[in-house]
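**Student:** what follows is a predicted protein model with its sequence.
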Amino acid sequence: MVFFFAFGSLIYTCVLLVNAVAILSEDRFLARVGLSNSVNEPAFGASSGGGDASIKSKLVNLMTSVRTLMRIPLIGINVLIILYELALG
């Protein structure tokens, strides 16, 4: 039974972290800390220069992808969590 309580907390934590990444403003915050995606990216399947991309560029791409792909699903997930909390507390 304790497993299910830990699983619920894990889901809440994951949703909160994805929400935090989704609301970061690229112009206001990320550019200040040097995580802006203003560099021209190569086309799909092409390598960027000499090989492996840096961890920083991978992190920027991950945050951009989360903001792009998870915006609409996060609205539904947040509504479900709010309704669950209102109904079952």
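**Tutor:** Good, I have the coordinates. Please read these numbers as outputs of a predicted model, since none were measured by experiment. Numbering: from 1, shown residues only.

**Student:** which SS state does residue 63 fall under?
**Tutor:** Of the three states, residue 63 takes helix under DSSP: H, G, I helix; E, B strand; the rest coil.

**Student:** spatially nearest residue to it (excluding sequence neighbours)?
**Tutor:** With sequence-adjacent residues excluded and distances taken as C-beta to C-beta, 6 or more residues apart in numbering, residue 63 is closest to residue 21, at 5.4 Å. For glycine as for every other residue, the C-beta is placed from the backbone atoms N, C-alpha and C.

**Student:** quick one, what contacts that neighbour?
**Tutor:** When contacts are counted by C-beta atoms under 8 Å, 6 or more residues apart in numbering, residue 21 touches 63, 66-67.

**Student:** separation between residue 53 and residue 86?
**Tutor:** 43 Å (C-beta to C-beta, to the nearest Å).

**Student:** with residue 17 instead?
**Tutor:** 22 Å.

**Student:** so between the two, which is more surrounded?
**Tutor:** residue 17 (11 against 8; other C-beta atoms under 10 Å).

**Student:** tell me the confidence at the more buried one?
**Tutor:** pLDDT recorded at residue 17 is 89.

**Student:** phi first, then psi, for it.
**Tutor:** Dihedral angles of residue 17 (phi, psi; degrees, to the nearest 10) stand at phi -70, psi -40.

**Student:** what about it, distance to residue 80?
**Tutor:** Going from residue 17 to residue 80 by C-beta to C-beta gives 17 Å.

**Student:** where does the prediction get shaky in the protein?
**Tutor:** 1-4, 30-31, 34-52 (pLDDT under 70).

**Student:** if we use 50, what do you get?
**Tutor:** Scanning the chain for pLDDT under 50 picks out the ranges 50.
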